[in-house]
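[1] Sequence and predicted structure are below.
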Amino acid sequence: MNTLHDLRSTLDRHADGLDDTERYVRPVAVHARIRAVRRRRAGAVAAVAAVAVVAAVATVGSLGGSQQVEPAGPTVIGIDVPQEVTISGFPYAVSDTEVFPSARPRLTLDETDSERAVSLVASDLGDGSATLWADGEAIARARGDQQVTAPVPTGATTLQVRFDGIGDGAQAGIAVYDATGELADGVSNADGTAVFRDDVAGDELLASGFSEPRSSEVSVDFTAAFSDVRFSEYCTTDERGLWINVEIDDQGPISGPCRDDDYRDPGTSSSSFEGDRVRGHVVRAYLTRGADGPEVTSDSAVVGVAVYRQSPRAQLVLGMRVEQQVEYAGRTWVLDRLEDQPAGSRDAVRTTVDTADGDRLLGLVGRGASVGARWSGRLADGTSSFLGATTGAASSIGGVLLAGDRYDVTLDSEDGSDFQGVLLVYRPL
């Protein structure tokens, strides 16, 4: 993989845990080596991925992750749940509560245009557990005396609970939260629908801006080395055929189609570069008609650009930058360990992940035609997306391994071809 276009095409086809903004980018004449990563919310896990629970449930029981107590709201199976929660700085308010029928523990939620999160509420589990499944994916688990789980963003409408090892009298329900429309702290656009957050998984916002009404460009200044920062952009329009271009020091640009839908958290998608020294830079975002057309303005378009200082704790894996902190499934996670192939081999990576003390998140870095991870536990199993990167490396988030289980995990090539791969195991921050 020698160009930004190659990496973008590969990630668009394979990276389920990364975002896919349907952008096809041209190489940028800034430095020889360019890495671009797109992360967008996926339907079941909102990614875009990626969000941290900073306010949790005011109940008895451990919810995990960063949390603050909120005033009690309604009750579910006699257990108080909060009226409001905050996920990645965005406020959510309770919109519904439901109890799973004992005969057929399945619920169907109405469709919604709002971003949604759900908490599992369970009681009388004893030494057993209750696992919440959303459209066939295990997304939360309550154990023992834990009564309410941290809210998990999900676009699913079919929810099911499965009990294991429980006695008589166990019950389960859910609290449903919808985004209020208010934004997280940061720099927002004029109509208050999108924000470059002050902090994204530990990355600090250095500079950002959105275009003014009836203007189709914006510029920001920053001082840093390219290798210390990443760039995020934003573009929405009702007009077809418009492309956003991000130009750095009059070199470039990075280009991609402008979207026809709004997205409120553009700081989770990014491009980054390597090299350079610490000095002043100018970043400009503007519109063109098509990929190679003239620069234009549009009354319906809003463009934005942001520069984030990346966490200095990142490390290189197969030549690719791997962050120590990531946002996924409603929480912030920190890298716990790496599992590499046996020295000098191209064999599968095999390991066991014990989640007796809490959830774990799987990630992977791979180089090969089709590299992915599979995991199998007593209560749930799953498969990551498969990456295709035959020259440079690509990365993806695999999925959450829920607490209270022991998983056999394998990283290998789907078609049996040679590959290089490293498993990443994260724990909740």
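    Looks like it came in fine.

[2] tally of neighbours for the closest residue to Y263 other than its chain neighbours?
    Among residues not flanking Y263 along the chain, A194 sits closest, at 6.6 Å (C-beta to C-beta, 6 or more residues apart in numbering). Any C-beta I mention is one placed from the backbone N, CA and C, and that applies to glycine too. Neighbourhood size, A194 [other C-beta atoms under 10 Å]: 22.

[3] Test my guess that A194 contacts D262.
    Yes. Counting by C-beta atoms under 8 Å, D262 is a contact partner of A194 at 6.5 Å.

[4] Specify the beta-bridge partners of G304.
    Taking DSSP bridges as the rule, G304 bridges to F210, Y234.

[5] Surely it and F196 touch.
    Yes. Taking contacts as C-beta under 8 Å, G304 lies within contact range of F196: 6.9 Å.

[6] Look up how far D113 lies from the residue nearest to Y263.
    Going from A194 to D113 by C-beta to C-beta, to the nearest Å gives 16 Å.

[7] cool, D249 as well?
    Applying C-beta to C-beta to D249 and D113 gives a distance of 40 Å.

[8] out of these two, which sits in the busier spot?
    D249 (14 against 6).

[9] Quick check: pLDDT value at the more buried one.
    Predicted confidence (pLDDT) at D249: the value is 92.

[10] The residue nearest to it when sequence neighbours are not counted: neighbour count?
    Nearest residue to D249 in three dimensions, chain neighbours excluded: H281, at 5.5 Å (C-beta to C-beta, 6+ apart). Using other C-beta under 10 Å, H281 has 20 other residues around it.

[11] For H281, pull up the helix or strand it's in.
    Using DSSP states H and E, the element containing H281 is strand 279-289.

[12] Which positions within that strand qualify as buried?
    Within strand 279-289, the residues that count as buried by 16 or more other C-beta atoms under 10 Å are 281, 283-288.

[13] wait, isn't S232 in contact with D265?
    No. Counting by C-beta under 8 Å, S232 stays clear of D265, with 9.6 Å between them.

[14] Comparing these two, which residue is more hemmed in?
    Neighbours per residue (other C-beta under 10 Å) separate S232 from D265, with D265 holding more: 29 against 23.

[15] how close does the more buried one get to V305?
    Distance, D265 to V305, using C-beta to C-beta: 15 Å.

[16] And for T112?
    In terms of C-beta to C-beta, T112 sits 31 Å off from V305.

[17] next structured bit after the longest strand along the chain?
    The longest strand of the chain (DSSP state E) is strand 360-376. Using DSSP H and E, the helix or strand that follows strand 360-376 in sequence is strand 381-383.

[18] Quick one: list the elements packing against that next one.
    strand 360-376 (3 or more C-beta pairs under 8 Å, 6 or more residues apart in numbering; DSSP states H and E).

[19] for the strand it packs on, the distance to its chain's centre please.
    16 Å (C-alpha atoms, centre = their mean, to the nearest Å).

[20] Same question for stretch 349-358.
    Counting by C-alpha atoms, centre = their mean, stretch 349-358 is centred 22 Å from the centre of its parent chain.

[21] Just the endpoints, please. Distance across it?
    End-to-end distance for stretch 349-358: 23 Å, by C-alpha to C-alpha, to the nearest Å.

[22] Which of the three states applies to the residue of the chain most remote from its centre?
    Distance from the C-alpha centroid of the chain, by C-alpha atoms, centre = their mean, peaks at D168 (38.0 Å). Put simply, D168 is coil when judged by DSSP: H, G, I helix; E, B strand; the rest coil.

[23] Surely G73 is in contact with Y92?
    No. Counting by C-beta under 8 Å, Y92 is not a contact partner of G73; they are 11.6 Å apart.
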